[in-house]
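Any chance you can model this:
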Amino acid sequence: MKKIISIILLSIMFPLNILGYSNNLIIGGESIGIKINTDGLIVIGFYKVGVEYIAKKNIKIGDIINKINGIDVNNSSELSNIIDESILNNKEINIEINRDGKIINTILNIKKENGIYKTGIYIKDAVIGIGTLTYIDPESKKYGALGHEIKINENKNFVEIKNGKILDSKVTGIDKSRDGYVGSKNATILYGKELGDITKNTSKGIFGNYLDNITSKETYEVAPFSDIEKGEAYILTVTSNNNIKKYKIKIIDKYSNKKDTQKAFSFEIIDDNLLKLSGGIVQGMSGSPIIQNDKIIGAVTNVLVDNVKYGYGISIITMLEESEK
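Numbering: from 1, shown residues only. Sure, this is the predicted structure:
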């Protein structure tokens, strides 16, 4: 069976901006860093305390710890402080966790080892990654990126956003894809340069407000799904530093029954330079805008693992409509 992974129409009688977005967009292509602060602490692993994994009895990887002894926790310092206070007062440590959307109340087991109390769990309070900016609306300054959702690696659930931001980043190298293996862009995230906030994480992309200055960039007309046609097109993406380049692709087909999904159309990379650099589609290309006939038609979303030159795209209309919901 072929494996596919993510890489995080309006009637012509009505104007495209009826839902609030512009007929013309500033196209992206820039590599962006993504940082989402989660609502609670994500359990990402376990370690032994003494000779046993003391937390595995009632906690699972991917669980989100929302509260300890009735107090909200959002970072490791808050967790440690509440545990220290509970130990000092000889109190049981009660935790509230979110497991796949279900709230569970249980006990956090702790054990003393070498004079230190330990929980046996590894946690994180933020999700960090890279992707590609798809577009900026020049009128509202709303942006869209990725074309698919951001998930928690440990359990593949949607990341619930407390707050988040997109950041400038520079590509430092590429781990090349090959059939059966999807590579990735390697990038340095510039945490001191915030480009925008993240207000929505959805199956159609991440969205928010672009807060940085917009340099003078050419706008491209928005193409409805009906305008997408078989044949040559190109993507805009970064393969080195922060230099956006055009790379040729060929649209293979489009799928009316999937026009509102991440797989509205399929394409093949035919650009020799990109194939030499990346081997095909790599993680981090998600969101790379796709241009055909001088219109933006969509963005890169998925790669076919068995043949990494082939991938899928989401319609730009689908992203814009999702942004307005």
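
Surely residue 77 is in a strand?
No. With DSSP: H, G, I helix; E, B strand; the rest coil as the criterion, residue 77 is assigned helix and is not in a strand.

How many residues are close by it?
Neighbour count for residue 77, taken as other C-beta atoms under 10 Å: 10. (C-beta placed from N, C-alpha, C; glycine too.)

mind checking how far it is from residue 67?
Separation of residue 77 from residue 67 (C-beta to C-beta, to the nearest Å): 16 Å.

which residues of this structure fall in helices?
Secondary structure of the chain (DSSP state H): helices located at 76-88, 272-278, 316-324.

quick one: which of the ones you listed has the weakest pLDDT on average?
Between the helices of the chain, the lowest average pLDDT goes to helix 76-88, which shows a mean of 85.

Who are the packing partners of that helix?
Judged by 3 or more C-beta pairs under 8 Å, 6 or more residues apart in numbering; DSSP states H and E, the packing partners of helix 76-88 are strand 64-68, strand 71-72, strand 121-136.

can you tell which of these is closest to residue 324?
Residue 324 lies closest, by C-beta to C-beta, to one member of these: strand 121-136, at 13.3 Å.

Could you give the bridge partners of residue 181?
residue 178 (DSSP bridges).

Quote the end-to-end distance of stretch 235-250.
10 Å (C-alpha to C-alpha, to the nearest Å).

for stretch 84-103, same thing?
24 Å.

Name the residues of it that are buried.
For stretch 84-103, the neighbour count (16 or more other C-beta atoms under 10 Å) marks 86, 93, 95, 96, 97, 98, 99 as buried.

what's the offset of that stretch from the middle of its chain?
30 Å (C-alpha atoms, centre = their mean, to the nearest Å).

now what about that stretch, what contacts it?
Outside stretch 84-103, the residues that touch it by C-beta atoms under 8 Å, 6 or more residues apart in numbering are 40, 43, 59-60, 62-70, 82-83, 104-108, 110, 117, 155, 157.

Buried members of the residues you listed into PyMOL, please.
The command below creates a PyMOL selection of those among these that count as buried (16+ other C-beta under 10 Å):
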select buried, resi 40+43+59+62+63+64+65+66+67+68+69+82+83+108+110+155+157
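
about what we covered before: export the helices of the chain as a markdown table, with columns for distance to residue 291.
Output for these, formatted as a markdown table (distance: least, C-beta to C-beta, whole Å):
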| stretch | distance to residue 291 |
| --- | --- |
| helix 76-88 | 44 |
| helix 272-278 | 15 |
| helix 316-324 | 10 |
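
in the chain, what spans have low per-residue confidence?
Within the chain, the stretches with pLDDT under 70 are 1-20, 216.

Now do the contacts for residue 138.
By C-beta under 8 Å, 6+ apart, the neighbours of residue 138 are 22, 24, 25, 26, 214, 219.
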